[in-house]
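*Asks:* Below: sequence and its predicted model.
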Amino acid sequence: MTQQPHPDSLGIMVNCAVVTISDTRFPETDKSGQIIQKLLLNANHAIGAYKIIKDEPAQIQEQIELLGKSANLDVVIFNGGTGIAPRDTTYDAIEKLLEKTLPGFGELFRFLSYQEIGSRAIASRAVAGVYQNKLIFSLPGSSNAVQLGMEKLILPELVHLVSQMHQ
């Protein structure tokens, strides 16, 4: 059971964007993007935007800047491109733009991943932070990693973190 030190206000709906970083996925084959959307909707949050973009730093940064200007969004959840392969540029593109980072997100994600997949978790460069008063999360592209990050970290803290940003 996940412990919550401060109870969240009931009924707060968070408006989220989901962005899949992939050179090969399409909406019908984007299992990880579909999982994120389903879990958000099941938690009574809204999907304000959904996109699939190539793993190109300029496209990723352009997407963050564009979504950062959207007054109706609170959170952007990226998935894909967080490893160390030459085409994995998501972390580098996002991290440069973050105004504040949440180091605990990546640390906890890797810890939880280690419990499931062992030492291969060190290759994950999951990251979170704030850009233009939007909460930004970046998860690996695997469906198991997305499920883990959403259920154990993002969903339990989403309302609390968004509320903290707007204080």
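*Replies:* Sure, I can see it.
*Asks:* so who does Asn72 touch?
*Replies:* 15, 48 (C-beta atoms under 8 Å, 6 or more residues apart in numbering). To be clear about C-beta, it is placed using only N, CA and C from the backbone, and glycine gets the same treatment.
*Asks:* quick one: it is in a helix?
*Replies:* No. According to DSSP: H, G, I helix; E, B strand; the rest coil, Asn72 belongs to no helix; its state is coil.
*Asks:* what about Thr20, how many neighbours?
*Replies:* 25 (other C-beta atoms under 10 Å).
*Asks:* Could you do Ala43 as well?
*Replies:* Neighbours of Ala43 (other C-beta under 10 Å): 17.
*Asks:* So the closest residue to it other than its chain neighbours: helix, strand or coil?
*Replies:* Of all residues beyond its chain neighbours, the one nearest Ala43 is Leu155 (5.4 Å), with distances taken as C-beta to C-beta, 6 or more residues apart in numbering. The three-state label for Leu155, taken from three-state DSSP, comes out as helix.
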